[in-house]
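Participant: here you go, sequence then predicted model.
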Amino acid sequence: MDYQTELDFLFLVLIALDAMIVMGSRKVSYYVLLLCFGIVVISVCTFFAIGDDTAQPVRLVVNASNASTRQIPETLFGIFFEEINHAGAGGIWAELVSNRGFEAGGPNVPSNISPWSIIGNESTISVSTDRSSCFDRNKVALRMDVLCDSEGINVCPTGGVGIYNPGFWGMNIKQGKAYKVTLFVRSSGKIDVSISLTDSSGLKKLATSSIISSDVSNWTKMEVLLNASETNPNSRLQLTTSKKGVIWFDQVSAMPLETYKGHGFRNDLVQMMADLEPRFIRFPGGCFVEGEWLRNAFRWKETVGPWEQRPGHFGDVWMYWTDDGLGYFEFLQLAEDLGAAPVWVFNNGISHQDEVDTSAISPFVQEALDSIEFARGDPNSTWGSIRASMGHPEPFDLKYVAIGNEDCGKKNYRGNYVKIYHAMKRAYPDIKIISNCDGSSRKLDHPADYYDFHIYTSANQMFSMAHRFDKTSRTGPKAFVSEYAVTGSDAGKGSLLAALAEAAFLIGLEKNSDIVEMASYAPLFVNTNDRRWNPDAIVFNSSHLYGTPSYWMQRFFVGSSGATLLDTTLDANSASSLIASSIIWKNPEDEHNYLRIKIVNFGSNEVSLKISVNHLNAFSIQKSGSSQTVLTSRNLMDENSLNDPMKVIPIKIPLNTAGENMDVVLPSHSLTSLDLFMEFSSIRMPGSYQSSTSAI
């Protein structure tokens with residue numbers, strides 16, 4: 001209550017007393033008058049007592065005693081990647097050409113070559129598709145009949161005729177950078193083809209080179225290196241000629257020479273992933289694994305080996321073609337590059353629309369076993385040798401597999417699951433197997449090492465979900481919260497409100513990390529040109545990107561995996577709007593230990609917080625080196641955007657009041673992290689500290 005409100009209330013009380021006196025003058029009973037006066041006095045006292053109560057600071061107590069600590073699993077926070085929203089094709093996979101093998105129009109010819117387009121007109125060029133490719137698994141090639149020539153009656157226009165590809169809504173070409181163009185070509189005669197990177201009109205060349213040959217009667221692989229003279233985020237690749245004849249093209253690729261660790265990934269997008277320091281990466285889906293129909297499901301064997309021999313497939317859940325340059329091998333490589341444990345999700349004979357009966361599931365069982373051999377097998381094994389031929393003779397460290405995605409309710413899931421489970425455990429006893437069925441509220445009726453838990457809901461419900469696992473059984477399989485996010489009107493395209501509710505949920509997972517061992521947000525990426533899902537953590541186009549508040553929220557939890565959890569208690573009357581947790585973690589940047597206290601204030605009022613850290617023993621908290629980081633904004637529905645990518649981001653400042661006892665103000669609708677620098681530790685931890693890099 002503010003001062004003016006108090007005065008107004010006193011004025012009303014005086015009016016009431018005056019009325020009582022008047023009533024008394026009218027010979028109202030003395031006892032009635034006394035009773036009325038007593039009620040008013042009690043009301044006034046109660047009113048101001050309530051006001052005093054609400055003004056009192058909230059107390060937060062952190063117990064750092066040995067008996068109250070527990071080590072958080074090393075794997076708690078990771079990431080989930082699904083090929084959705086062009087997250088891979090036209091996203092983290094750096095291939096610039098869309099439909100590089102001309103297969104997206106289907107295996108039958110003639111077919112649609114989109115987004116390839118023709119340079120020239122019907123009098124100068126004719127383009128079609130046929131099935132003349134040298135690749136058995138992707139037979140479609142493009143035939144280009146050049147009707148004009150450099151001289152004679154029908155002279156080609158200036159610049160020649162040919163085809164061009166705009167990539168995924170424009171190729172981002174950067175000045176001074178090199179791009180490797182690879183293509184397969186065949187011709188009935190001599191060729192003189194110009195390969196160029198140009199602006200969107202094709203009139204301005206950013207880089208160009210030529211392939212000239214007198215004999216390409218058989219399919220021939222050609223490579224050129226293009227060095228860009230200018231920057232243009234909306235560029236295209238052109239293949240042109242002014243020489244009459246017939247030329248076939250297939251598997252035309254353009255890749256930047258600089259990719260993440262040299263493995264074909266777009267640097268800036270993968271760096272955003274790396275900054276989350278994920279302890280695992282779940283891939284490649286999601287619904288992408290299932291397919292709307294099994295004929296369009298992700299089949300890993302079609303995605304390994306030389307890229308030009310991969311047939312690609314149409315992802316009929318999210319409705320776009322992928323050439324599968326980003327395949328099973330590349331996902332395993334990405335996990336290794338990120339230092340994250342791969343979590344391989346494979347199809348178990350079930351799609352959204354059709355299912356394989358358990359009596360006929362044996363081929364899918366073998367498919368699953370072969371996938372493990374590819375990842376972990378000896379280089380001389382059948383599938384391990386293919387991995388070795390791709391440049392990785394050492395096995396990948398694959399320990400986690402998920403049998404299907406969101407298939408628990410399907411008719412054949414349990415039967416198919418059990419067949420695959422037992423076959424895999426016989427062959428690989430150490431592998432950890434994840435069931436699609438939720439075991440958080442009742443015991444599973446089949447064996448599993450983990451059960452999958454997905455939650456997409458409103459902000460208020462997500463905030464309350466912080467206590468979802470408080471009463472879950474501590475025996476049996478562990479929980480893997482592989483997909484969580486606030487969705488619907490609360491989320492927009494990535495709101496502060498959504499991020500705060502999700503942060504509260506993650507704090508609840510930290511507190512329940514004895515039963516919850518893994519958690520990841522979903523979806524991770526969205527290309528602004530193909531938004532199939534809202535919201536997403538990282539938003540991008542060909543040249544720019546930003547993190548939503550939900551992305552920045554996850555950065556607050558860097559350092560939590562493998563850290564030491566402390567007992568943290570808030571006043572009971574604050575439980576409706578506040579939630580907090582505390583950890584001790586080691587920052588490898590300075591090799592020092594920090595006590596990190598995270599608090600979500602989900603309420604609309606600023607909160608004064610009195611913090612007490614008890615039982616530090618020989619520990620001492622230093623003001624120097626301590627900091628406070630806050631994620632908030634003026635409006636709950638504030639979002640970041642390509643035009644304003646830093647509107648809602650964490651703000652970090654020194655914490656000069658750091659100590660065992662301190663006062664902190666929590667802004668309304670905020671996530672606050674206090675990193676308290678600890679000079680010396682004498683606490684005996686249950687396990688060693690886990691190094692992590694502070695990212696906020």
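Facilitator: Nice, I can see it. Numbering: from 1, shown residues only.
Participant: buried sites along stretch 581-601?
Facilitator: 581-587, 593-601 (16 or more other C-beta atoms under 10 Å). For the C-beta atoms, the positions are set from N, CA and C on the backbone; glycine is no exception.
Participant: of these, which belong to strands?
Facilitator: Here DSSP state E is the test, and the buried residues of stretch 581-601 give 581-587, 593-601 as lying in strands.
Participant: distance check, the residue lying closest to Tyr521 once chain neighbours are set aside against Gly488.
Facilitator: Closest residue to Tyr521 apart from its sequence neighbours, by C-beta to C-beta, 6 or more residues apart in numbering: Ala537 at 5.5 Å. Note on Ala537: its distance to Gly488, by C-beta to C-beta, to the nearest Å, is 17 Å.
Participant: ok, the two, which is more surrounded?
Facilitator: Ala537 (27 against 13; other C-beta atoms under 10 Å).
Participant: what pLDDT does that one get?
Facilitator: Looking at Ala537, its pLDDT is 98.
Participant: in the buried residues of stretch 581-601, find the pair that's most separated.
Facilitator: Spatial extent of the buried residues of stretch 581-601 (C-beta to C-beta) is set by the pair Lys586 and Asn601 at 27.5 Å.
Participant: who's in contact with the residue nearest the centre of the chain?
Facilitator: What sits nearest the mean C-alpha location of the chain, by C-alpha atoms, centre = their mean, is Leu524, with 2.2 Å. Leu524 makes contact with 79-82, 87, 273, 536-538 under the criterion C-beta atoms under 8 Å, 6 or more residues apart in numbering.
Participant: and Gly90, how far is that from Gln461?
Facilitator: 33 Å.
Participant: higher neighbour count, the two?
Facilitator: It is Gly90, of Gly90 and Gln461, that has more neighbours when counted by other C-beta under 10 Å, with 24 against 14.
Participant: chain neighbours aside, what residue packs nearest to that one?
Facilitator: Nearest to Gly90 is Phe168, by C-beta to C-beta, 6+ apart, at 2.9 Å.
Participant: what sits against the one you found?
Facilitator: 86, 89-91, 96, 98, 527, 529, 542.
Participant: for ChimeraX, what selects the buried ones among those?
Facilitator: Here is the ChimeraX command that selects only those of the contacts of Phe168 that count as buried (16+ other C-beta under 10 Å):
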select :86,89,90,91,96,98,527,542
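Participant: take the contacts of Phe168 and keep only those in strands.
Facilitator: Those of those lying in strands (DSSP E): Asn527.
Participant: ok, the contacts of Phe168 vs Asp675, which is closest?
Facilitator: For those, the nearest to Asp675 is Gly91 (32.7 Å; C-beta to C-beta).
Participant: show me the contacts for that closest one.
Facilitator: Contacts of Gly91 (C-beta under 8 Å, 6+ apart): 85, 168, 266, 269, 525, 527, 540.
Participant: how near is the residue nearest to Ser150 when sequence neighbours are not counted to Ser217?
Facilitator: Distance criterion C-beta to C-beta, 6+ apart; nearest residue to Ser150, sequence neighbours excluded, is Ser242 at 4.5 Å. Using C-beta to C-beta, Ser242 is found at 21 Å from Ser217.
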